[in-house]
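[1] Build me a model from this:
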Amino acid sequence: MYASTANNTTIFLATPYYNNTMIQDSLTEQLYSICNLVQQLTEIQYSQPSGMLSNASIGQHVRHVAELVQCLNAGYHTGMIDYDQRKRDTRIETDRAFALQVLEQQCNSLPQTDKWLQQAITIGNKTQWVDTSYNREVFYNTEHAIHHMALIRVALREMGLHIVPDQFGVAYATLQYKQTACAQ
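    Numbering: from 1, shown residues only. Now for the predicted structure:
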């Protein structure tokens, strides 16, 4: 249990859920969906700038997603996550095989016990550290991956490629809403 003491009063905050694999499985599912897509693309399609995405490529979006998960996994061991200090390794953007290797490594590093962490939030030249939990950050990375998958879907349409399932890049809440709306 996490406790915060102020003015001689102890406030007990929610304890992270331990061994909650549903949250971690959701991120793994999204990362494997990205892997499946990357395997279907040529090197040119993977690294081709998309006018619809301000000339960003699918590979650049994959790199961004992969590197945030790398920050999460590294931060798990140090207790401190700083998403702004990612590597920005351009090989992930241009080399599909390397990108797949990085994504696979991150998937294999995910099953961790939930615990409290610190996350850096930087605005301008000021940084503040805030409390978070591993599973909270896993969920953030899941939603972040889905957001970038939606952008990747735009690039695929621009290329005339219809190679991802309908749920690719669609938030879980949206999928649930659509399922419920169709059932009524």
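[2] Please enumerate the strands of the protein.
    Shown for the chain, the strands assigned by DSSP state E span residues 2-6, 9-13, 49-50, 56-57, 80-81, 116-123, 126-133.
[3] For the fourth one, which strands pair with it and how are they oriented?
    Taking DSSP bridges as the criterion, strand 56-57 sits next to strand 49-50 (antiparallel) in its sheet.
[4] Other residues contacting the partner strand?
    The contact list for strand 49-50 (Cβ atoms under 8 Å, 6 or more residues apart in numbering) reads 55-58, 154-155, 158-159. In short, each C-beta sits where N, CA and C put it, glycine included.
[5] Same list, those residues, but as a markdown table with pLDDT, distance to residue 131 and neighbour count please.
    Formatted as a markdown table, these follow (pLDDT from 0 to 100; distance: Cβ to Cβ, whole Å; neighbours: other Cβ atoms under 10 Å):
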| residue | pLDDT | distance to residue 131 | neighbour count |
| --- | --- | --- | --- |
| 55 | 98 | 38 | 10 |
| 56 | 98 | 33 | 18 |
| 57 | 98 | 36 | 20 |
| 58 | 98 | 35 | 30 |
| 154 | 97 | 35 | 15 |
| 155 | 98 | 36 | 22 |
| 158 | 97 | 41 | 13 |
| 159 | 97 | 42 | 16 |
